[in-house]
Structure formats: structure tokens, C-alpha cells
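Novice: Just a sequence and a predicted model for now, questions to come.
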Amino acid sequence: MTSYTELIAGLQRNGDQSLAAHIPESWMQGRTTYGGLTAALSFQGALGLVDDIPLRSAQVAFVGPVGGDVMIKPTLLRRGKNTAFVSVDVVAESGVAAQSIFAFGARRESSLHFDDMPMPMARSPEEIESFFGEGRPRPGFSQNFDMLLATGGRPISGSQEKSIGLWMRHRDPNTPQDATAILAIGDAPPPAAMSMLAVPSRISSMTWMAEFMTDEIQTDPDGWYFAQHTAQLAKDGYSSQSMRLWNRHGEPILVGRQTIAVFG
């Protein structure tokens, strides 16, 4: 199985700053690449054009299936004194498969400084069982992560709760604590609405927006992050959810939103 660090190290950068990548089966979700990895690879493409300003926001549209050999093509939209915007296309054999816009912003002095995003109370990772449970089916890409269920229900359990809380970490012990790795793991849990389903149904991520709350990403030596995903609306075959991520010390790392298509 190709580890996260092996996959990132295997990216080939061309003279025009595009990247050539190969997505192995171990990172697939059905017929497409796991969305978090698509976002992470796109961000690696953007770093070829802007690598000296922290990432503040990522907006990703999952246009079509991503798999096998792909090209990651970044374009610098604008660069100012403190900010920069980069768009990235992921191109597969069938054409553009994902489009992203990354907003970078340098730290600046401000009179506003507060944190109204407390981490929910939860048992420690050492006290919690696997999110998927023994013997339950799980997507192939999820083998690259440890995910532990802290609150809410497991997928397709008919749960009445609209939120799930999980401890998550990369299984690859060499994974750095950086923005690329956060994007790679931030979308790992199944949508919160999936826990409310009583029978198996196909789902598909359409868009994902992630905002970074800090440019100093830190966790504990064991690499754990706590995620809370909340389904806020489900109607006409689509679900919208909020997403929040903290490090082990309860410091906010990321907030996001996701639109999911539900087939059933």
C-alpha cells in the first residue's frame, strides 16, 4: 500500500509548475480518488507558485472521477503584498475532474483576537473504539487513517443524531504536521448524514470549503486531531454539513462546509 508520504514524494513537477501524479487503488473511494487527497494534491500544485505565505482558505469542486494518472495544473490569479490566489485544475483522462481556489494570507497586526470555537468534551483516543467497528465494510482509502468514534452514530446505523465526533490521525508515522496533511485528513469521515441512513446508499461529495484558523499547525506526538461534522440540512437528494477540526490541545485548526449528493 502506498503511504501518504510516498505518494507526495512521488509527485513529478514539470517546468510549467504542473504536477504529474498517479493515484493508487489504496487511495480510491469507489470509482474516484478520496476527496481529501484530491484537495491535498491540488494544494501541492499551488505551492509551486506560492510557498512563502500561509494558506487561509481552500475551495474545492469535485467535478468528476479522479483516478490513475492525473495532471495538476496551477494558475496564479493574483499576488499582492500580503495575499495571493491560485486556481488549480486536476485533469484526468476524461478532462477536468476537480477545480480549486486557494487563498493565501500573511499574518498581520489586528485589534481583533478571540476564539469562539471550543472543542467539545470527548473521551481520549485511548478510550474509544474504531469508527467503523470490527467486521464492518469501510472505503478503501480509509485504511490510510485511524478514526475513532467519540460521539454520534456509525455509518448507516439509523442514528437520530445529526453530528458525529471523531479522533483521527494519519497511519503513516512520517506524515508532517502541515496544511497539505490537514487537507488530506480533513475530509476522511463519512458525511454526518450517512449515520442517519438505515440502509446502504451511495453518496458523493460535490464541494468542500475549508478555512485554516492558524498557520501554526500542531498536534500531539501521536498525531491525533478531533473532528466534528454536523448535518444541517438534507433535502431533495442533497445534504449540507459543517466541519470543524481541533488539535489534541483543543486549539482550532480548520472550519469548513461540504455539499453532498445522496443517492437514496
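Specialist: Done, it's in.

Novice: any weak-confidence spans in the protein?
Specialist: 133-137, 264 (pLDDT under 70).

Novice: ok, L76 - contacts?
Specialist: By C-beta atoms under 8 Å, 6 or more residues apart in numbering, the contact set of L76 is 49-50, 84-86. Using the backbone N, CA and C atoms, a C-beta is placed for each residue, glycine as well.

Novice: next helix or strand past the one helix or strand it maps to?
Specialist: According to DSSP states H and E, L76 maps onto strand 68-79. Per DSSP H and E, strand 68-79 leads on to strand 83-92 as the next helix or strand towards the C-terminus.

Novice: buried sites along that following strand?
Specialist: 84-90, 92 (16 or more other C-beta atoms under 10 Å).

Novice: out of those, who's nearest M168?
Specialist: V90 (23.6 Å; C-beta to C-beta).

Novice: The closest one and R78: what is the separation?
Specialist: From V90 across to R78, the span is 21 Å (C-beta to C-beta, to the nearest Å).

Novice: again with A181
Specialist: Distance from A181 to R78, by C-beta to C-beta: 27 Å.

Novice: For the two, indicate the residue with more neighbours.
Specialist: A181 (23 against 8; other C-beta atoms under 10 Å).

Novice: Surely the more buried one and T5 touch.
Specialist: No. At 9.2 Å, A181 does not count as touching T5 under the criterion of C-beta atoms under 8 Å.

Novice: Quickly list what's touching both of the two.
Specialist: Common neighbours of A181 and T5 (C-beta under 8 Å, 6+ apart) are T175.

Novice: ok, back up a step: including distance to E109, could the contacts of L76 go into TSV?
Specialist: Below are these laid out as TSV (distance: C-beta to C-beta, whole Å):
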residue	distance to E109
L49	26
V50	22
A84	19
F85	22
V86	25
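
Novice: Looking at these, spot the one nearest E216.
Specialist: Looking across the contacts of L76 and measuring by C-beta to C-beta, the closest to E216 is V50, at 18.4 Å.

Novice: In three-state terms, label the closest one for me.
Specialist: The three-state label for V50, taken from DSSP: H, G, I helix; E, B strand; the rest coil, comes out as coil.

Novice: Please spell out which residue in this protein sits farthest from the middle.
Specialist: In terms of distance from the mean C-alpha position of the chain, S111 ranks first, at 30.9 Å (C-alpha atoms, centre = their mean).
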